[in-house]
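Chemist: With the input below, show me the fold.
(2 chains)
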Amino acid sequence: MLRSRTRLSIGDHTLKILALTMAVLVLTLMIFIAWQMIAASKLSIAKFGWSFITSKIWDPNLKEQFGALPFIYGTLVTSLLALILAVPTGLGLAIFLNEMAPSSIKTVVSFLAELLAAIPSVVYGLWGIFVLAPWLQNTAEPLLNHMFGSLPLFQGPPLGVGLLAGGLILAIMILPTIAAISRDVMAAVPNTQREAALALGATRWEMIRTAVISHAKSGIVGSIMLGLGRALGETMAVTMVIGNSSYIHTSFFALANTLASVIANEFTEATYPLYRSSLVEIGLILFGISLIFNTLARLLVWSVSRNTKGGHVV
Amino acid sequence: MMDPADNAVTIDLPSNYAVRRYKDWVMSGLLILATLIAVTPLFMVLGYVVLKGATAINLSFFTELPKPFGEVGGGVANAIVGTLILIFVSSIIGIPVGILSAIYLSEYDRHSWLANAVRFTTDVLMGIPSIIVGIVVYTALVLAMGNFSAIAGGVALAIIMIPTVIRATEEMLNLVPYSLREAAYALGFPKWRTVLQIVLPAAAKGIITGVMLGVARVAGETAPLLFTAFGNSYWSRSITEPIAALPLQIFNYTMSPYKAQHAQAWAAALILIVLVIALNLIARFALRSKNA
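Modeler: Next up, the predicted model:
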């Protein structure tokens, strides 16, 4: 009796301590990542200070000077382009699937969209470079230049690869994220809300606007921010289509680099410590940005799903 | 306020009804248009990979090593095996850490500050750009070991896999009714046996789904492998050497200037997509059979 009791408590202790250790390990991992990034970028932080963020000179070869502004610019422009393109279409898809589509279409399309969200980013890059970029170069960019050529955004030779290609490929990649999450949030709107709106004589669109969208607003914003978070940190597909250039140009057709793509392009070629340290500091900036956006987005989605838990549909 | 007109049997449509009706049609049309625009590129990506990949693929693709750039033919046998090895290494590390952490969160300590801190960390880890994981593993592991290796690649992928596994497992464990645990305790089961023999099996299918989705996610990751696994044109003799991986191979083939390599890239992409989607489908199928 006594023997079996001690054996049992050994088992209890072992599992508890093992589980606790792993949970603490995950916590430590996070702290380790942050600490490691700061430690590895010390050299560049000491040398450039805050001017690292504001300097637009990135010259590893001659002057050995490093500034992150071209990449911050590239990241912001491609991500914003992606949002402008993916938000209306993604939300449209979500609303269509949730409020209009017959259930057979709904099941098939949302299943396929989820599978498409699982396609690796390197495959999007492959498609982007061999299908999207030639189309941009031969059709879309000359057309945009023809129509809006007076704006500096649409000037310059059509190269195919560049900021516009990066923004487009990001839009395609974050679309399933935005559509899937905002659809979940909309599905959580209680049916009584819809029925109430319809009973008051609202048309379907008025019902969607007043009952569904207004109810799910902060969750939709959360889905957009999660999409943005993905766009900011997305690496491979953008690296493959953005053209790898460290200068700031106003045109959407110009070659550029994002924070993530410059790391992917140059890290293995970084031959001296300051160069490598600067690239890690770029990673640190990216880390900070994605941390802020993901935290905000999670808080938003979380607050919505908590408030509407009682009326969960489906 | 009671207006006598309210009692009339005939329904008077509001005067602006035509405008509202028109607006409804326009918006419905726009929603359908948005759906078509959204779906088209997604299907084009899939369609191109299947068509271009299928024409470039053949048996030697699965059995041979890559040819030097510029030459036609060759295969990606080492990259396929490399990807499987990387998945294996990352699973050995990531799955136990993830499941045990989730057991801690669900069974031992649901509400303490530590549990909430771990949950928050999990969310943050989920959102970290994967290239950052690559940098950290490079500075911590590759520099310490002196060279790129399958171990470093596996660790990087494990870090990406862990948060997915924790989230899915915790969610599934929380779904197990408390009465099941109480029944086990009433029968004299100690806690550890309750957790391992009653709770875990009850949630097993959901956990398997979560784990498979985590594995599927890392199977296609490229960015964290660039500075860790690095890639290899030949077979790796041990996991302390640089190792080839399908996503890396696709990247290198795509960026090469040769037509022959581009065809190889499409074929490798097809294999990778089939692998990832198969993992996804198996994962979903596992969950569905539980609900049936």
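
Chemist: and A:H215, what helix or strand is that in?
Modeler: Secondary structure from DSSP states H and E places A:H215 outside every helix and strand.

Chemist: My guess is A:L81 contacts A:A171. True?
Modeler: Yes - under the criterion of C-beta atoms under 8 Å, A:L81 makes contact with A:A171 at 7.0 Å. C-betas here are computed from N, CA, C, even on glycine.

Chemist: Looking at the two, which has the bigger crowd around it?
Modeler: Neighbours were counted for A:L81 and for A:A171 using other C-beta atoms under 10 Å in any protein chain shown; A:A171 has more, 25 against 20.

Chemist: what pLDDT does that one get?
Modeler: At A:A171, the predicted lDDT confidence score is 96.

Chemist: what's the distance between it and chain B?
Modeler: According to C-beta to the nearest C-beta, to the nearest Å, A:A171 and chain B sit 8 Å apart.

Chemist: Look up how far A:L85 lies from that residue.
Modeler: Going from A:A171 to A:L85 by C-beta to C-beta, to the nearest Å gives 4 Å.

Chemist: got it, and B:V215?
Modeler: Going from B:V215 to A:L85 by C-beta to C-beta gives 31 Å.

Chemist: More neighbours: those two, which one.
Modeler: B:V215 (24 against 19).

Chemist: does that one sit in a helix or strand, and which one?
Modeler: Assigned by DSSP H and E, B:V215 falls within helix B:200-219.

Chemist: Alpha carbons of that helix, as PDB, please.
Modeler: Extracted C-alpha coordinates of helix B:200-219, given in PDB (Å, rounded to 0.1, in the frame of the first residue of the first chain):
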ATOM      1  CA  LEU B 200      -5.200  12.800 -23.600                       C
ATOM      2  CA  PRO B 201      -6.800   9.800 -25.400                       C
ATOM      3  CA  ALA B 202     -10.200  11.600 -25.200                       C
ATOM      4  CA  ALA B 203      -8.700  14.600 -27.000                       C
ATOM      5  CA  ALA B 204      -6.400  12.600 -29.200                       C
ATOM      6  CA  LYS B 205      -8.000  13.100 -32.600                       C
ATOM      7  CA  GLY B 206      -8.200  16.900 -32.100                       C
ATOM      8  CA  ILE B 207      -4.600  17.000 -30.900                       C
ATOM      9  CA  ILE B 208      -3.500  14.900 -33.900                       C
ATOM     10  CA  THR B 209      -5.200  17.400 -36.200                       C
ATOM     11  CA  GLY B 210      -3.500  20.300 -34.500                       C
ATOM     12  CA  VAL B 211      -0.100  18.600 -34.700                       C
ATOM     13  CA  MET B 212      -0.500  17.700 -38.300                       C
ATOM     14  CA  LEU B 213      -1.500  21.300 -39.200                       C
ATOM     15  CA  GLY B 214       1.700  22.400 -37.400                       C
ATOM     16  CA  VAL B 215       3.800  19.900 -39.300                       C
ATOM     17  CA  ALA B 216       2.200  20.900 -42.600                       C
ATOM     18  CA  ARG B 217       3.000  24.500 -41.800                       C
ATOM     19  CA  VAL B 218       6.700  23.900 -41.200                       C
ATOM     20  CA  ALA B 219       7.000  21.500 -44.200                       C
END
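
Chemist: Please determine whether it lies in contact with chain A.
Modeler: Yes - Helix B:200-219 reaches chain A (C-beta under 8 Å from any C-beta of the partner chain) through B:A216, B:R217, B:A219.

Chemist: That helix - what's its average pLDDT?
Modeler: Averaged across helix B:200-219, the pLDDT comes to 91.

Chemist: just checking, what packs against it?
Modeler: Under the contact definition 3 or more C-beta pairs under 8 Å, 6 or more residues apart in numbering or on different chains; DSSP states H and E, helix B:200-219 sits against helix B:77-103, helix B:150-175, helix B:259-291.

Chemist: between that helix and helix B:77-103, how many degrees?
Modeler: Computed by axes from the mean of the first three to the mean of the last three C-alpha atoms, to 10 degrees, the angle separating helix B:200-219 from helix B:77-103 equals 140 degrees.

Chemist: starting at the chain centroid, how far to helix B:200-219?
Modeler: 10 Å (C-alpha atoms, centre = their mean, to the nearest Å).

Chemist: Contacts for that helix, please.
Modeler: Helix B:200-219 has contacts (C-beta atoms under 8 Å, 6 or more residues apart in numbering or on different chains) with A:118, A:120, B:83, B:86-87, B:90-91, B:94-95, B:98-99, B:103, B:157-158, B:160-161, B:164-165, B:167-169, B:171-173, B:175-176, B:180, B:272, B:275-276, B:279-280, B:282-284, B:286-287, B:289-290.

Chemist: Great, nothing more from me.
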